[in-house]
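In: Only the shape, not the letters, is given here:
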């Protein structure tokens with residue numbers, strides 16, 4: 001039990017590393033959660049910091065979920081009477097929770113999409129591939145990132161169930177439970193986006209519009225914010 005507790009704590013702390021907050025502080029001297037969608041996740045990092053900073057933020061966030069699973073199965077594989085796959089899924093889910101509610105950033109983090117992808121890549125590459133395709137199709141159809149994210153999380157659960165009970169593929173019970181958990185957790189993390197969708201204010205790809213963040217995403221940065229270290 002002590003070792004399992006260590007796995008859970010490590011996974012949460014790993015997920016809590018606020019990649020977007022750190023990148024924005026280092027590159028612009030700003031709190032990214034005061035711009036754009038007020039999230040520290042990869043999508044807002046792309047919007048506020050540009051792709052050169054936003055893409056690494058997404059990749060690091062994805063790696064957090066992957067490493068949480070990897071460490072539980074490789075470094076701390078012996079978790080007593082608990083099944084290794086159940087421990088791996090639990091560690092991955094806890095890392096996603098840490099990303100959304102990071103202890104290192106006042107419990108205000110991202111939406112959990114990138115670390116969830118990393119978890120799926122580690123525990124079930126086929127499910128990861130499905131999510132990539134699903135996300136791309138929904139994004140192309142709607143041109144709204146939140147729609148693609150929420151839709152993929154909901155489709156994941158039903159698809160995993162279909163693969164197990166209809167296609168008779170080896171989809172484990174822990175993976176099914178992970179799918180159900182993400183189908184609840186990711187839409188919950190997107191509740192502000194859902195409110196904007198219902199009111200018709202959610203921006204599409206390439207648009208820059210004011211929103212509910214403390215400072216609008218199209219606000220011109222000051223010279224101090226552009227060059228926090230000096231001229």
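Out: Perfect, thanks for sending it. Not measured: the values here are computed from a predicted model.
In: only C-alpha atoms for contact and neighbour calcs from this point on.
Out: Fine.
In: Quickly note the distance from residue 91 to residue 46.
Out: Separation of residue 91 from residue 46 (Cα to Cα, to the nearest Å) stands at 27 Å.
In: Of those two, give the one with the bigger neighbour count.
Out: Of the pair residue 91 and residue 46, residue 91 is the one with more neighbours under other Cα atoms under 10 Å, namely 30 against 19.
In: is it true that the more buried one touches residue 70?
Out: No - Residue 91 lies out of contact with residue 70 (Cα atoms under 8 Å); the separation is 9.2 Å.
In: Can you get me a residue count around residue 97?
Out: Residue 97 has 26 neighbouring residues, counting by other Cα under 10 Å.
In: For it, I want the exact helix or strand it lies within.
Out: Assigned by DSSP states H and E, residue 97 falls within helix 84-100.
In: Determine the set of other helices and strands touching that helix.
Out: Counting contacts by 3 or more Cα pairs under 8 Å, 6 or more residues apart in numbering; DSSP states H and E, the secondary-structure elements packed against helix 84-100 are helix 2-15, helix 51-70, helix 113-123, helix 173-189.
In: And these, which one averages the lowest pLDDT?
Out: Taking each of these in turn, the lowest mean pLDDT turns up on helix 2-15, with a mean of 92.
In: How far does that helix sit from its chain's centre?
Out: Taking Cα atoms, centre = their mean, to the nearest Å, the mean C-alpha location of helix 2-15 is offset from the chain mean by 18 Å.
In: buried stuff in that helix?
Out: Taking 16 or more other Cα atoms under 10 Å as the basis for neighbour counts, the residues of helix 2-15 that come out buried are 4, 7-15.
In: and the helix or strand just after it, which residues are buried?
Out: Moving toward the C-terminus from helix 2-15, the first helix or strand encountered (DSSP H and E) is helix 19-28. Using 16+ other Cα under 10 Å as the test for burial, helix 19-28 gives 19-24, 28.
In: Is it correct that residue 121 is in contact with residue 67?
Out: No - distance between residue 121 and residue 67: 10.4 Å, which falls outside the contact criterion (Cα under 8 Å).
In: So, low pLDDT: which residues of this structure?
Out: Under the criterion pLDDT under 70, the flagged ranges of the chain are 75-81, 206-231.
In: how about a cut-off of 80?
Out: 1-2, 74-82, 167, 170, 206-231 (pLDDT under 80).
In: residue contacts, residue 86?
Out: residue 174 (Cα atoms under 8 Å, 6 or more residues apart in numbering).
In: if I look at it, how far off is residue 34?
Out: Using Cα to Cα, which is the criterion applied here, residue 86 is 37 Å from residue 34.
In: Ok, residue 145 next?
Out: Separation of residue 145 from residue 34 (Cα to Cα) stands at 19 Å.
In: The two - which one has more neighbours?
Out: A side-by-side neighbour count of residue 145 and residue 34, using other Cα under 10 Å, places residue 145 first with 20 against 16.
In: can you tell me the helix or strand for the residue nearest to that one when sequence neighbours are not counted?
Out: If the residues on either side of it in the chain are set aside, residue 145 comes closest to residue 139, at 6.0 Å by Cα to Cα, 6 or more residues apart in numbering. In this structure, residue 139 sits in helix 125-142 according to DSSP H and E.
In: in that helix, what counts as buried?
Out: Residues of helix 125-142 classed as buried by neighbour count (16+ other Cα under 10 Å): 127-128, 130-131, 134-136, 138-139.
In: next helix or strand past that helix?
Out: Downstream of helix 125-142, the next assigned helix or strand under DSSP H and E is helix 145-165.
In: Going by neighbour count, which residues of that following helix are buried?
Out: Buried residues in helix 145-165, defined by neighbour count with 16+ other Cα under 10 Å: 145-157, 160-161.
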